[in-house]
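Chemist: One predicted model, sequence on top.
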Amino acid sequence: MKEYSIVKMLYKVNNLPNLDGKNVVKKIKNEFMLAIKHEDYKTERQTIETACKDWKDGGSKIDHFFKFNTYPCEVSNSRIYEQTLLHFAAKHGYQNVVNALLKAGAKIDVMDVLGRTPLYFAAHNGYMDVVNALISKGAKVDLLDFNSNTPLHLAAQNGHVNIVNALIKANADVNAVGGYENTALHLAAKNGHINVVNALIKAKAGVNAQNTNGYVSLHLAAQNGHIDVVNALIDAEAKTDLLGGTFDKKTPLHLAAENGYESVIQALVTKGANINAQSSYYKNTPLHHAFFEGHDGVVQYLIGKEANVLLKNDKGWTPSDCVNRGIPKLLKEAEKAAQMPVKVGVVVGIILMSLIATLLIFSYLPEVAIAGIVVGSFILIGTVVGGVAYMFSKPSTEIKVENTPSVEKIASEVPMPG
């Protein structure tokens, strides 16, 4: 059975008058009967009939697991899941159905095959009223799914600050370690959810907890340019110079310089981050990364803050040596962009020529004339379409006059090693 089918039934039940714990199962059964009667697609009608029969054969229990797939159409390799009515209702925010099922005695902490509870789904999807209803009935707030995530992880990841606060109030563990050893704070910081970050910090979440990659929340915020989160973490005494990463471990300042986030860099440097910190393996400084990636403003700022322009990495390169190292990357991107109009012109030309050729064949013109028209039209259309595509995709050659000098100009002014 498709998930859509049972969700549609529960949606109708959720809007029925006088729904309560005494009649909720009966009303859901009625919707099953109506769905069987009105389903136009034969295969789906049969799966609904089978699901209804299985439920009946199992005693029509309120905690029956319904088999379903999440695809809107038949897919031979689609995965089959099993969830209860409470799972479905909580997942889609059907509060009336949730309340009625709880009154009827539905198991509140029931898990599906992936270890997900109704509270997990409600927290993940942001259904505050459903979360409150489940918590008020004693739902366990720290149960782990098979990825080791709690409802708090999901709410934090998706920025549902009200649900985060409700879970914290219900004594959820703010430092619970989830998948890849991420805490809720890691996930909120990575996604820039400042309100959630503030709520977790207020609840004493560990700002220097490291995940599997050795990243603290500040690494993730700096890497993604979330300046407000960076400031909040620094104010909460996050360490600015911790090395993190799977191989060439870097500080938050490295990651910000690599991605060109000037405001983040300024905040970190202002708070005392080591401007000349070297990565663990390649021994690059933030200035090496800024030169390589061509972030002019970052280069100028770091040099203005007296970053060491002569410090060498493991290959013996100073930061300014990295300017030319970035050129192959830029040329590759330009080459890719230049090939795009050719591909577009050929594809569109072939499609249009197929249509023109078909029309000409039925026009009874001589074969030589048809061939000439097709070839000429292909060249003309391909050229026009390719030209238009080039105008939209060509690399910019505009020379911008700005106050910030280019990395090449800055590199030329950097003193050579003595």
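Modeler: Cool, the structure landed.

Chemist: any idea where the strands of this protein begin and end?
Modeler: Secondary structure of the chain by DSSP state E: the strands cover 66-68, 81-83.

Chemist: would you turn the ones you listed into a markdown table with mean pLDDT, distance to Val216 and mean neighbour count?
Modeler: Yep, even glycine has a C-beta here, placed from its N, CA and C like the rest. Below are these laid out as a markdown table (pLDDT from 0 to 100; distance: least, C-beta to C-beta, whole Å; neighbours: other C-beta atoms under 10 Å):
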| stretch | mean pLDDT | distance to Val216 | mean neighbour count |
| --- | --- | --- | --- |
| strand 66-68 | 89 | 40 | 18 |
| strand 81-83 | 91 | 35 | 18 |
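
Chemist: Among those strands, which comes closest to Trp55?
Modeler: Proximity to Trp55, assessed across these by C-beta to C-beta, is greatest for strand 66-68 (7.2 Å).

Chemist: partner strands of that closest one, parallel or antiparallel?
Modeler: When pairs are called by DSSP bridges, strand 66-68 turns out to pair with strand 81-83 (antiparallel).

Chemist: In contact with the residue lying closest to Val98 once chain neighbours are set aside: list those residues for me.
Modeler: Closest residue in space to Val98, ignoring its immediate chain neighbours: Ala89 at 4.7 Å, by C-beta to C-beta, 6 or more residues apart in numbering. Counting by C-beta atoms under 8 Å, 6 or more residues apart in numbering, Ala89 makes contact with 10, 14, 97-98, 101, 118, 130.

Chemist: repeat that with 7 Å
Modeler: 10, 97-98, 101 (C-beta atoms under 7 Å, 6 or more residues apart in numbering).

Chemist: Show the buried residues in those residues.
Modeler: Restricting the contacts of Ala89 to buried positions leaves 10, 97-98, 101, with burial counted as 16 or more other C-beta atoms under 10 Å.

Chemist: From Ser148, how far off is the residue nearest to Val98?
Modeler: With the distance defined as C-beta to C-beta, to the nearest Å, Ala89 ends up 25 Å from Ser148.

Chemist: which residues touch His153?
Modeler: Under the contact definition (C-beta under 7 Å, 6+ apart), the residues listed for His153 are 178, 184, 187.

Chemist: In terms of pLDDT, where does the spatially closest residue to Asn313 that is not a sequence neighbour sit?
Modeler: Distances taken as C-beta to C-beta, 6+ apart put Lys283 closest to Asn313, at 4.4 Å, once the chain neighbours are dropped. Each residue has a pLDDT score; the one for Lys283 is 98.

Chemist: Repeat that for the one 4 residues further on.
Modeler: Listed pLDDT for Leu287 reads 96.

Chemist: Same question for Ser320.
Modeler: 89.

Chemist: Now do it: how many residues are near it, please.
Modeler: 23 (other C-beta atoms under 10 Å).

Chemist: That one against Ala290, yeah?
Modeler: No - using C-beta atoms under 7 Å, Ser320 is not in contact with Ala290; the gap is 10.8 Å.

Chemist: do you know how far the residue nearest to Met1 when sequence neighbours are not counted is from Ile62?
Modeler: Nearest non-adjacent residue to Met1, counting by C-beta to C-beta, 6+ apart: Thr47, 4.3 Å away. As judged by C-beta to C-beta, Thr47 and Ile62 stand 21 Å apart.

Chemist: Ok, Asp40 next?
Modeler: Counting by C-beta to C-beta, the gap from Asp40 to Ile62 is 29 Å.

Chemist: more neighbours, the two?
Modeler: Under the neighbour definition other C-beta under 10 Å, Asp40 and Ile62 were set side by side, and Ile62 has more, 17 against 6.

Chemist: Tell me, how many residues neighbour the nearest residue to Met9 once chain neighbours are set aside?
Modeler: If the residues on either side of it in the chain are set aside, Met9 comes closest to Glu31, at 4.0 Å by C-beta to C-beta, 6+ apart. Applying the criterion other C-beta under 10 Å, we find 17 residues in the vicinity of Glu31.

Chemist: May I ask you to confirm that Glu31 is in contact with Asn15?
Modeler: No - assessed by C-beta under 7 Å, Glu31 is found out of contact with Asn15, at 11.1 Å.

Chemist: Give me the below-cutoff pLDDT ranges for the chain.
Modeler: 70-78, 324-418 (pLDDT under 70).

Chemist: Recalculate using a threshold of 50.
Modeler: Low-confidence segments of the chain, defined by pLDDT under 50, span residues 73-77, 327-328, 330-332, 334-335, 395-404, 416-418.

Chemist: Against Pro17, how distant is the most centrally placed residue in it?
Modeler: If you average the C-alpha coordinates of the chain and look for the closest C-alpha using C-alpha atoms, centre = their mean, you land on Asn191, 8.4 Å from that point. When C-beta to C-beta is the yardstick, Asn191 and Pro17 sit 40 Å from each other.

Chemist: Equivalent analysis for Leu101, please.
Modeler: Spatial separation of Leu101 from Pro17 under the definition C-beta to C-beta is 17 Å.
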